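Q: kindly generate the corresponding structure for this input.
(chains A and B)
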Amino acid sequence: MPKFDYAPAPESRSVLSLQESYGLFIDGKFTDTVDGRTFKTISPATEEVLAEVTEAGPADVDRAVGAARKAYEQTWSTMAGKDRSKYLFRIARIIQERARELAVLESLDNGKPIRESRDTDIPLVAAHFFYHAGWADKLEFAGYGPSPRPLGVAGQVVPWNFPMLMLAWKIAPALACGNTVVLKPAETTPLTALMFAEICQQADLPPGVVNIVTGAGQTGRSLVEHPGIDKVAFTGSTEVGKQIARACAVSHKKNTLELGGKAANIVFEDAPIDQAVEGIVNGIFFNQGHVCCAGSRLLVQESVYDEVLASLRRRLTTLRLGDPLDKNTDVGAINSAAQLAKIRELSDVGEAEGAERWSPPCELPVRGFWFPPTIFTGVSQAHRIAREEIFGPVLSVLTFRTPAEAVEKANNTPYGLSAGVWTEKGSLILWMASRLRAGVVWANTFNRFDPASPFGGYKESGYGREGGRHGLEAYLDA
Amino acid sequence: MPKDSANPARVADTARVAVRKTYKLYIGGAFPRSESGRSYVVTDSRGGFLANAALGSRKDARDAVSAARKAFPGWSGATAYNRGQVLYRVAELMEGRRAQFTAEIRAAEGISAAKAEAFVDAAIDRWVWYAGWSDKIAQVRGSSNPVAGPYFNFSLPEPTGVVAVLAPRGPLLGLVSVVAPAIVTGNTVVVVASERYPLPAVTLSEVLATSDVPGGVVNVLTGKVAEIAPWLASHMDVNAIDLAGAPSDELRDELAVAATDNLKRVVSHAPSDWLATPTLDRMLAYLETKTVWHPAAM
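A: This next block holds a predicted model:
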């Protein structure tokens, strides 16, 4: 198939008005740190410094928790649900109005393709606020009793892979249920959270209802361990999630965890192969594989292995890797040098353990953090690349003969976040779905998200659900 | 201020000769006069002239039903998220016309400004409340059913179709409270406005026309309820009818009997206080439950 060159089509950065440095958003205002420091956030595609942000210290976190407590007691928990609802609708509308700015900023700070931030992340963010706005005055219908109560102040820590979307997943349900929040965005992607703080100001959200403290692991620890927090919500690695679970086991805080995954994407011989290949590509190369529910283990029925692999390789040669702000880009930059090092290390281990590595011919930019889409074949279940979350654009391919074997291999992991099933047989889909130990099962599609649809894991992928009626439980005294 | 300052059509007359509005029907997204060429006098609370409203006919009602039927596939096929945003948009646009609605219902009912404002605010908030239901009613009303066998079995609410609505006397809040629960789930509506207070309904239709509600989803008729309602109650392409605005108990019962010809879903009660947060019954009345079985064994 001929490959046509595309002329560059970069999205303009002129919609943005970035400040040189940002303080912490506490009690409705941007304030300077009391005991913290500053650090720089960069574009992972170019290593250009985008802005200086604040690393909040324990005293800063304490101020933020205090502001959230005051807002909880004096304003938010006593406000009528229909008024909370209106604030959330306002936020949803402002996000829609400023969607382009948010998308450009997200791609700049995170490295993800603009097409993805523009068409997936930010629209889902607006939808998430819109959906939860409607719950704020209908909680008595949600199935948690006649007058469910909020929990109090939520301490929320979100990752760098979907910075704004994960913020929405945390803040929208918390506020809808009447809680106030202190949220810490990831160290490498703080900028859209700070823009969200501005959006709260534009919406005239009462001060203290949302507080944003930027920083790294230590700031997150100060927040999670603060005695003034009633509930902890964390999305990130299983390792940190377990630390948080241990801390909460002693402090008796309610907590929900959305952690890692090693999802199986299972292709049966009767599957529509072209569709399945699109789903496989979307499953692992969407967002450079920085997706907790990524389909990182491809399980192919032996009879169609050659056909699927040939088609997959062909498809990978058409992926465009490069400038995240270019509208033609399919695969953007790896989010950080540290993540790139981890992906490289595990990929090298894959080769050393005997799996066969393949990438399409792919020119990587000189500056920034890049890793080509990569497939490993000849992978056994014992290989580290089949067991450990790589969180990068690396697919491990295994085979199976029977549905029972597919289930056994798919479930052979400590994780249980998601799974994909590709077959034309409805009964097989449902048979598989009932046996897969995973919180989300996608059939003949992959990586679909919707605010109405609960998301979350089994086993060491965490507990609690986000989205849908079920997601409210995490923020109600139910 | 002149004594009749609550009459928006008259207040400006002292300063300049006002351009008065023609109050027409709203059918299929357009504003026709009644095909019958008739109109009737609408007066204020003291009997003064307010406007000539269209006196809708049987033919107007039938046109409105066919417009509603035509709009049904698109509206019921839209995503719940989309419908929710559209309803919320109606609230946004009404907010910008608060003063106009307040003046109109003051003129019609002769109530105080504070009371009129309370009704207008409640009407706007009701759109917001129902907007939020669009993508939640299936989560509250639907279910997966643990049947004793290897089947995946689930039940979903689906809109019933075209709903005829006789709006109650509350000229704005009552109207919104009977229209919004029908359309939020994907039904389309033919509403007969309050006979005594039709003007706010016409103004609401102007809001609907300039919001994102597709033409035909809401059709507004003005005129004599006793004349139009029997045609709607017996119309074989109407799936449900709300009799909240039936002018008498006798007529309500007659309409309910006529509605049995094609087993329309009938809502015949009205809440004692339209200001109170609604129950779910008006939404549920216009929803069918569809149950799907699928084998889950190989």
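
Q: find the closest residue to chain B in the stretch 201-350 of chain A.
A: Nearest residue of the stretch 201-350 of chain A to chain B: A:Phe268, at 11.1 Å (C-beta to the nearest C-beta). To be clear about C-beta, it is placed using only N, CA and C from the backbone, and glycine gets the same treatment.

Q: show me the contacts for A:Pro454.
A: A:Gly439, A:Arg465, A:Glu466, A:Gly467, A:Gly468, A:Arg469, A:His470, A:Gly471 (C-beta atoms under 8 Å, 6 or more residues apart in numbering or on different chains).

Q: which of these sit farthest apart?
A: A:Gly439 and A:Arg469 (15.2 Å; C-beta to C-beta).

Q: so A:Arg118 versus B:Ala99, what's the distance?
A: Noted for A:Arg118: a distance of 39 Å to B:Ala99, by C-beta to C-beta, to the nearest Å.

Q: before we move on, back to that, for burial, what's the neighbour tally of the residue of the stretch 201-350 of chain A closest to chain B?
A: Counted with other C-beta atoms under 10 Å in any protein chain shown, residues neighbouring A:Phe268 total 22.

Q: could you find the closest non-adjacent residue to it?
A: Leaving aside its sequence neighbours, A:Phe268 sits nearest to A:Thr423 (C-beta to C-beta, 6 or more residues apart in numbering or on different chains; 3.9 Å).

Q: was I right about the one you found contacting A:Ile429?
A: Yes: A:Thr423 is within contact range of A:Ile429, at 6.1 Å (criterion: C-beta atoms under 8 Å).

Q: confidence score at A:Glu55?
A: Note on A:Glu55: pLDDT of 98.

Q: tally of neighbours for it?
A: Residues contacting A:Glu55 under the criterion other C-beta under 10 Å number 19.

Q: coming back round to it: what residues are shared contacts of A:Thr423 and A:Ile429?
A: A:Ala443, A:Asn444.

Q: pull up the pairing partners for the host helix or strand of B:Ser155, direction included.
A: Under the criterion of DSSP states H and E, B:Ser155 resides in strand B:151-159. The strands beside strand B:151-159 in its sheet (DSSP bridges) come out as strand B:143-144 (antiparallel), strand B:287-295 (antiparallel).

Q: what average pLDDT does stretch A:198-217 get?
A: For stretch A:198-217, mean pLDDT is 98.

Q: also stretch A:315-335?
A: Mean predicted confidence for stretch A:315-335 is 97.

Q: I'd like the distance from the strand holding B:Ser155 to the chain centre, please.
A: 28 Å (C-alpha atoms, centre = their mean, to the nearest Å).

Q: now do whatever helix or strand comes next after it: which elements does it pack against?
A: Using DSSP H and E, the next helix or strand after strand B:151-159 towards the C-terminus is strand B:162-166. If you count contacts as 3 or more C-beta pairs under 8 Å, 6 or more residues apart in numbering or on different chains; DSSP states H and E, strand B:162-166 packs onto helix B:58-77, helix B:173-183, strand B:188-192, helix B:225-234, strand B:240-242.

Q: minimum distance to chain A: which of these has it?
A: helix B:173-183 (13.1 Å).

Q: name the helices or strands packed onto the closest one?
A: helix B:80-95, helix B:113-133, strand B:162-166, strand B:188-192, helix B:199-210, strand B:240-242, helix B:281-285.

Q: can I get the third one in PDB? Just the C-alpha atoms.
A: Spelled out, it's strand B:162-166. Coordinates of each C-alpha in strand B:162-166 appear next as PDB, following Å, rounded to 0.1, in the frame of the first residue of the first chain:
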ATOM      1  CA  VAL B 162     -45.900  10.800  20.600                       C
ATOM      2  CA  VAL B 163     -47.300  12.300  23.700                       C
ATOM      3  CA  ALA B 164     -50.300  14.600  23.700                       C
ATOM      4  CA  VAL B 165     -50.300  17.000  26.700                       C
ATOM      5  CA  LEU B 166     -53.100  19.200  28.000                       C
END
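
Q: residue contacts, residue 123?
A: Using chain A here. A:Ala99.

Q: um, chain B though
A: B:Met94, B:Phe101, B:Leu172, B:Leu173, B:Leu175, B:Val176, B:Ser177.

Q: one more time with 7 Å
A: With contacts defined as C-beta atoms under 7 Å, 6 or more residues apart in numbering or on different chains, B:Ala123 is in contact with B:Met94, B:Leu172, B:Leu173, B:Val176.

Q: same check, this time on A:Pro44
A: A:Gly111, A:Ala333, A:Ile334, A:Asn335, A:Ser336, A:Gly368, A:Phe369 are the contacts of A:Pro44 under C-beta under 7 Å, 6+ apart.

Q: buried ones among those residues?
A: A:Gly111, A:Ala333, A:Ile334, A:Asn335, A:Ser336, A:Gly368, A:Phe369 (16 or more other C-beta atoms under 10 Å in any protein chain shown).

Q: identify, from the residues you listed, the entry nearest to A:Thr235.
A: Using C-beta to C-beta, the buried ones among the contacts of A:Pro44 come closest to A:Thr235 at A:Asn335, 14.6 Å.

Q: contacts for stretch A:331-338?
A: A:44-45, A:110-113, A:160, A:188, A:285, A:288, A:290, A:319, A:321, A:324, A:340, A:343, A:368-371, A:373, A:392-393.

Q: among those residues, name the ones in helices.
A: Of these, the ones assigned to helices by DSSP state H are A:Asn110, A:Phe285, A:Leu340, A:Ile343.

Q: in strands, which of the buried ones among the contacts of A:Pro44 fall?
A: Of the buried ones among the contacts of A:Pro44, none are assigned to strands by DSSP state E.

Q: between these, which sits nearest A:Lys409?
A: A:Ile334 (28.1 Å).

Q: where does the chain have low pLDDT?
A: Picking chain A for this. By pLDDT under 70, the weakly predicted segments of chain A are A:1-4.

Q: please refer instead to chain B.
A: B:1-14.

Q: and residue 195, what helix or strand is that in?
A: Assuming you mean chain A. helix A:191-202.

Q: got phi/psi on A:Phe39?
A: phi -150, psi 170 (degrees, to the nearest 10).

Q: isn't it up against A:Leu50?
A: No: using C-beta atoms under 7 Å, A:Phe39 is not in contact with A:Leu50; the gap is 11.7 Å.

Q: those two: who's more crowded?
A: Using other C-beta under 10 Å as the criterion, A:Phe39 and A:Leu50 rank with A:Leu50 on top: 18 against 15.

Q: if I pick the residue positioned nearest the centre of chain B, what's in contact with it?
A: Geometric centre of chain B, nearest residue: B:Val179, 2.7 Å, by C-alpha atoms, centre = their mean. Residues near B:Val179 by C-beta under 7 Å, 6+ apart: B:Val165, B:Val189, B:Val191, B:Val218.

Q: need those in a markdown table with neighbour count, can you?
A: Shown next, in a markdown table, are the contacts of B:Val179 (neighbours: other C-beta atoms under 10 Å in any protein chain shown):
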| residue | neighbour count |
| --- | --- |
| B:Val165 | 31 |
| B:Val189 | 26 |
| B:Val191 | 29 |
| B:Val218 | 29 |
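
Q: where does the residue in the stretch 351-478 of chain A that chain B sits nearest to land in three-state SS?
A: Nearest residue of the stretch 351-478 of chain A to chain B, counting by C-beta to the nearest C-beta: A:Leu430, 3.6 Å away. What DSSP: H, G, I helix; E, B strand; the rest coil gives for A:Leu430 is helix.

Q: mind listing what it touches?
A: A:Leu430 neighbours (C-beta under 7 Å, 6+ apart): B:Phe152, B:His294, B:Ala296.
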